[in-house]
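**Q** Quick one: sequence plus predicted model below, questions after.
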Amino acid sequence: MDVPQYPAGPNPGEENYDEKRKVELIVQIEQAPALLRKAVAGLSGEQLNALYKNWTLRQITHHLADSHVNSYVRFKWTLTEDQPLIKAYDENLWSALPDAKTGDVEPALHMMEGTHQRWIQLLQSMSPEDYRKAFRHPDGRVISLSKALAVYAWHGRHHTAQIQWVRNQRGWN
């Protein structure tokens, strides 16, 4: 069977959200660590090394923790600086490091849980004006925190769905 590009659906790419939509996205951010933990629950080391396209389930788990920490920090910069230029990183190189390729996923799960607990506190305290603030990406894009919220709500669902897809395909449920 062909591996789906977007097992949780494509990134919606929306820019502006009403308050109801922001609440839904914040709930998705809040739920992401528990859904990831559930997706990897009970998988053996060998199973965590199963591939979804070019990354193992282990690498996907570590990537989510790394990426969401970076996003949380970008939110903090954007709330405290005027359109900060963020630091980009090569997610493929990060995922090729030994800790991502062979490391225990439990610390990554804890990292997700702690980061998301702090992130939720921050998101819930933000005003509508705060969500309009933006950071600059080195590639030239200017990204509002409203847009970043949507991207990362989707990002957690996207990668967790990749893990779940492998589980389903291999009968690991």
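**A** Arrived safely.
**Q** any weak-confidence spans in the chain?
**A** Within the chain, the segments meeting pLDDT under 70 span 1, 13-18, 20.
**Q** biggest helix in this protein by residues?
**A** helix 145-170 (DSSP state H).
**Q** That helix - contacts with which helices or strands?
**A** In terms of contacts (3 or more CB pairs under 8 Å, 6 or more residues apart in numbering; DSSP states H and E), helix 145-170 is packed against helix 19-40, strand 51-52, helix 57-80, helix 128-132, strand 134-136. Just so you know, the C-beta spots here come from the backbone N, C-alpha and C atoms, and that holds for glycine as well.
**Q** List the buried residues for the last one?
**A** Taking 16 or more other CB atoms under 10 Å as the basis for neighbour counts, the residues of strand 134-136 that come out buried are 134, 135.
**Q** Counting by contacts, list what it packs against.
**A** Judged by 3+ CB pairs under 8 Å, 6+ apart, strand 134-136 is in contact with helix 57-80, strand 142-144, helix 145-170.
**Q** Rebuild these as a markdown table, extending it with distance to residue 19 and mean neighbour count.
**A** As requested, these are arranged in a markdown table below (distance: least, CB to CB, whole Å; neighbours: other CB atoms under 10 Å):
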| stretch | distance to residue 19 | mean neighbour count |
| --- | --- | --- |
| helix 57-80 | 18 | 20 |
| strand 142-144 | 15 | 15 |
| helix 145-170 | 11 | 20 |
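**Q** Residue 55 against residue 64, yeah?
**A** No: Residue 55 is not in contact with residue 64 according to CB atoms under 8 Å; the separation is 10.8 Å.
**Q** sorry, back to before: what about the helices and strands packed on strand 134-136, which gets the closest to residue 30?
**A** Residue 30 lies closest to helix 145-170 among the helices and strands packed on strand 134-136, at 9.6 Å (CB to CB).
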